[in-house]
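# kindly return the folded structure for what I paste below:
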Amino acid sequence: MSGTLIGCARCSTDVQDLTAQRDRLSELGIAEQRIYLDHGLTGTNRQRHGLDQAVAAVRAGDTLVVPKLDRLARSVPDARAIGDDLAGRGIKLSLGGQVYDPQDPMGKMFFNILATFAEFEVDLLRMRTREGMAVARAKGRLRGRQPKLSAKQRTELRRMHTTGEYTIADLGELFGISRPTVYRTLQQDRATQPQ
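Model prediction:
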């Protein structure tokens, strides 16, 4: 690979670690300061700061390196758009060390197959998540976000508020909740009170 090597890595959640991807990019010869990261962003989200920076940093003759294609994109159209954009600008794309050549029919087919598998993996994950949520909902385990305050605490908050001795800020501090939560709780309680 000639020109400058620019690396790009991504993980979908904030709790995931990018160490393995960074190590792989280092093994492929990318300097640490030339590795751009997206942390907590899915591959289906095209608006990714790290990817945008990496694409902006590469010039004709350079190579954009990603550990695997699914770290670049999780849909066939997006992967092709990125690959075509880079090729049109004279920039090579390396997938884990293998340079993608859009002029080579076999390389193009392999790239499309990888992109199809990446998209398939996302679709399977979504389907499993929906199925799991449906099962949990049917068993009564999926109840949504639980209220910050118990029924007794809401009653006491409303009582204290009606005395006029406490400000919204005071109530928030006393109950360990934010001001918007105090307002929301009072509003919900008003809505449920008989007129």
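# packing partners for the helix ranked longest in the chain?
The longest helix of the chain (DSSP state H) is helix 105-138. Helix 105-138 is packed against helix 76-88, with contacts defined by 3 or more Cβ pairs under 8 Å, 6 or more residues apart in numbering; DSSP states H and E. Glycine gets a C-beta too; all of them are placed from N, C-alpha and C.
# tell me the mean pLDDT over the longest helix of the chain?
Here helix 105-138 scores 88 as its mean pLDDT.
# got the angle for it vs helix 76-88?
150 degrees (axes from the mean of the first three to the mean of the last three Cα atoms, to 10 degrees).
# in helix 105-138, what's buried?
Residues of helix 105-138 classed as buried: F110, F111, L114, A115, A118, E119, V122 (neighbour count, 16 or more other Cβ atoms under 10 Å).
# mind checking how far the residue lying closest to the third one once chain neighbours are set aside is from L174?
In space, and not counting its chain neighbours, L114 is closest to L69: 4.4 Å by Cβ to Cβ, 6 or more residues apart in numbering. Applying Cβ to Cβ, to the nearest Å, one obtains 53 Å for the distance of L69 from L174.
# which of the two has more neighbours?
Neighbours were counted for L69 and for L174 using other Cβ atoms under 10 Å; L69 has more, 24 against 14.
# what residue ranges in this protein score low on pLDDT?
Within the chain, the segments meeting pLDDT under 70 span 1-2, 13-15, 40-46, 189-195.
# how about the strands in this structure?
For the chain, strands defined by DSSP state E occupy the ranges 5-11, 35-39, 63-66, 92-95, 98-100.
# okay if I get those strands as a markdown table plus distance to Q21 and mean neighbour count?
Formatted as a markdown table, the strands of the chain follow (distance: least, Cβ to Cβ, whole Å; neighbours: other Cβ atoms under 10 Å):
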| stretch | distance to Q21 | mean neighbour count |
| --- | --- | --- |
| strand 5-11 | 4 | 25 |
| strand 35-39 | 8 | 20 |
| strand 63-66 | 8 | 25 |
| strand 92-95 | 13 | 22 |
| strand 98-100 | 16 | 15 |
